[in-house]
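Colleague: Next input, structure requested:
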Amino acid sequence: MRLGDKGKLGFTLVLVTFMILSSFIFYSANSTSVTDNKYKVVWLSVDSANYYRLYNLTIEGLLPTFRFIFENSAHGPMTVVYPSATAVNHASKATGAPPGATGIVANSIHLPGTTVTSTVSGFNGAYLIAEPIWVTADRSGLRTVVVSFPQSTPPAWSGKVSVDRTKLFNIYDAFISPVSSSTLYTNNRNIPRATYIAISDALNWKNTDRLGYVYNAWESSFRLGDSTWYLYLADLNGDNKPDKLVIVPEDKDIAKALAVLGEGEWSKPLNTTIVFRGTTYIVAPMFKLIKLDVDDFRLYRGIMRPYNTAWFNDERLAWEVWNNVIVRVGTFTDGDWFALTNGWIDVETYMETVYYTNLFFKEFTLYVLRSTKWDLLMTYTPVIDNVYHQFLGMLYSNMPYYKHDEASYYRSLIARTYMYVDEFVKGILESIDPRNTVLVITSDHGQCPVKYIVNINAILYNANLISIRGGAVALNETKAWYVSHGHIFVNLAGREDRGIVRPEEYLDVVNQVIKTLQEVRDPDTNEPVFDIILTRDQAVTLNLWGPRVGDVVIATRCGYTATGGIPTIRDSRAIVFTPAAPLRTLIADHGTILPTYRDLHGTFIAYGGPVKRGYIGVVSILNIAPTISEILGIDRPRDSTSAPLPIRIETLVIPTTITATETRIIESTATVTRTIPTTITTTLQTTTTLTRTIESTVTSIATVLATITQTSTVEKLRLDTLAVVAIIALLVGASIGFIMRKR
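Modeller: As a prediction, this is how the structure comes out:
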């Protein structure tokens, strides 16, 4: 039967309608536009989190959030760069560039043209040469919030990012020296480095009846900046011992008290102002009454970071953070190791400062996450690093201070800290949509136990390369100096301010330093202390180059850590080895230890969005910024030297080996299981990229099945959609044909 002209026209309309609608659906499903492929990223840096320890604690059932994360993420150990230091690795992590390119070669950096003993902070963004990802995101038009990250120093990026798009914070820059430092107010002069006060009978106090009947009372005071704060010790039961402590700024008036404490109690953050050198600062210090005893009084004050300093670039948002976060949780930014090692506080109080530190970063992060618009949010917590330094060595039976009956307690403290971080991650997960947001969790290194702290400048002093006179370095007699984190500089004339080593003597001094260090041995075992001793030229093999790199670069073996500064001298000899002592010195470290040790490995985890699930093998810290950039849909940071990690689901999807017919019939796990051997074999023969991925990835069969099932479902939905489109097109075309035929 032949079609008439109107029939032909109707058929043509059906065909055209079908083609247009099909093209539209196909384009929508397969579009590769930036908008469709972009995801948001929350990036949490957990300082010192070792992958293996984190994973083991998770398997033990102590970390329920991480258990969920591990089961649903791409994850693996991470190698880091040397020096294995916080500032160095965060710079490389944020830029995708090695230390030679970032310029952050240590936590403390020596710059040419200054005296050989001078340094600047590697945490200051002003000294970061390479482009960090927050600058990359800003010039790509994305919105970024940096809660805290080494080198996120707001003034350093003024004019380089838009404040409208990029909100930078770095609470570590909020500091008034020396007022901000924590202290212990005490009348016990046997406690070192405390603030000593006197206690006497209380006189001329007002409104004491607000405490009830006061039988006896004592008073004291201390200076906080230029302000005077008063302490009132009240005996409320007539036993001639104080029961309550009242803290009052500026006036002996109980009605103006900011805190009333019993022994062992913490105050809330005391949101108030102090004056220091004529400037008024907004502060929120927290106090703990350690001991309420007239003869042995101890009041601890934590670190006190002020509002009005250059730690933010958006004042409106910073003020919101102050009033919604800091007035509730305070400004602890590290577990207070100084208070612990000086005997101001006990271990449990130290752990409370660790808890408050994690709480601060958690609440700060969740507030800006929920109340601001962002594409990239970067945040941080230092608490694992804090407890590792103080307690990790106690878990190693080969350390001389190890005690079997105490090891389980200190292990529980480390586990408790990981649990704090687990709660942090839980809060993030509850606040994001994993369908459009990827959570990336990384660390910057792990830590090794420490047996001895090795003073490098003591070694150089004993070799007559350093001169100390009157407790100070005699620069006109000093040939070499250890700065920090593995870098020893020759005091070279023409390069260093007041340098004395002539250019023709340079190699002789370098060789003398190297020979001296090679002779250093463990005083107990006679084993070498250093893993490597390199010249500056040789240090290129560690990705260290440029004028900020030492003339000699060293790395200690696991079990030792290097320190510098002016050495302690006894009987004309400097003390080289200081035994690590629990609760008195650090007993674990990382900065001068080669990152090749398993204990030094960091952590990489990515969850949500397009990220596949499973163990992906050992990755490099230099891959992190490129990977996050790819997830965000932007270019890598300008100085990045590495590629993104192959963690997108598409890496495991096998579209060329599953036909449309196969896709429709794969509807059960059993069917997928039977199909998978042939499918993967075929792909391995034809796709080298996938081959490399599978070889470097230990993925459970369940994960692979889930991925293929998900892919198959998508393909089936696309076919079903096309069928619906075809039916609609036929109906539309038929209707048009019928109308035209009647006409």
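Colleague: what about R638, how many neighbours?
Modeller: 14 (other CB atoms under 10 Å). For glycine as for every other residue, the C-beta is placed from the backbone atoms N, C-alpha and C.
Colleague: same deal with V275?
Modeller: Counted with other CB under 10 Å, V275 comes out at 13.
Colleague: ditto for F364
Modeller: By other CB under 10 Å, neighbour count at F364 equals 22.
Colleague: Tell me which stretches of the stretch 201-350 of the chain form helices.
Modeller: 315-321, 327-329, 337-341, 347-371 (DSSP state H, counting those that start in this stretch).
Colleague: again with the stretch 1-150 of the chain
Modeller: So, for the stretch 1-150 of the chain - with DSSP H, counting those that start in this stretch - the helices run 5-30, 34-37, 51-59, 64-71, 86-95, 99-102, 133-139.
Colleague: Between those, which has the poorest mean confidence score?
Modeller: Of all the helices of the stretch 1-150 of the chain, the minimum mean pLDDT falls on helix 34-37 (a mean of 42).
Colleague: check which helix or strand covers the residue nearest to Q518 when sequence neighbours are not counted.
Modeller: Spatial nearest neighbour of Q518, chain neighbours left out: I533 (6.2 Å); criterion: CB to CB, 6 or more residues apart in numbering. Assigned by DSSP states H and E, I533 belongs to strand 530-535.
Colleague: Which residues belonging to that strand are considered buried?
Modeller: The neighbour-count check on strand 530-535 (16 or more other CB atoms under 10 Å) flags 530-535 as buried.
Colleague: can you check stretch 203-223 too?
Modeller: 205, 208, 211, 214, 216-222.
Colleague: List the contacts of the strand holding I533.
Modeller: Strand 530-535 has contacts (CB atoms under 8 Å, 6 or more residues apart in numbering) with 510, 514, 517-518, 520, 541-542, 551-557, 593-594.
Colleague: pLDDT averaged over stretch 430-438, what's the number?
Modeller: 97.
Colleague: Just give me how far that stretch sits from the chain centre.
Modeller: Here stretch 430-438 is found 20 Å from its chain centre; the criterion is CA atoms, centre = their mean, to the nearest Å.
Colleague: Likewise for stretch 247-263?
Modeller: 37 Å.
Colleague: now what about that stretch, what contacts it?
Modeller: 204-208, 210-211, 219, 224, 227-232, 243-246, 267-268, 270, 272, 274, 287-292.
Colleague: Any of these buried? List them.
Modeller: 205, 208, 211, 219, 224, 227, 229-232, 243-246, 267, 270, 272, 274, 287-290, 292.
Colleague: and which of the buried residues of stretch 203-223 is nearest to G125?
Modeller: Within the buried residues of stretch 203-223, the smallest distance to G125 is 35.2 Å, found for F222 (CB to CB).
Colleague: For D599, see how far away the closest one is.
Modeller: 43 Å (CB to CB, to the nearest Å).
Colleague: Kindly report the same for I428.
Modeller: In terms of CB to CB, I428 sits 27 Å off from D599.
Colleague: go on, I282?
Modeller: Taken as CB to CB, the span from I282 to D599 is 42 Å.
Colleague: who's more crowded, those two?
Modeller: Per other CB under 10 Å, whichever of I282 and D599 has more neighbours is D599, with 20 against 16.
Colleague: ranges for the helices of the stretch 551-700 of the chain?
Modeller: Using DSSP H, counting those that start in this stretch, helices in the stretch 551-700 of the chain cover 624-632, 660-665, 669-686, 688-695.
Colleague: Assumed L517 was part of a helix.
Modeller: Yes - the assignment for L517, made by DSSP: H, G, I helix; E, B strand; the rest coil, places it in a helix.
Colleague: Tell me which residues touch it, please.
Modeller: Contacts for L517 (CB under 8 Å, 6+ apart) come out as 456, 459, 530, 533, 552, 554.
Colleague: Would you mind listing the buried residues in stretch 493-504?
Modeller: Buried, per 16+ other CB under 10 Å, within stretch 493-504: 495-496, 499-501.
Colleague: go on, stretch 413-422?
Modeller: For stretch 413-422, burial by neighbour count (16+ other CB under 10 Å) applies to 413-415, 417-422.
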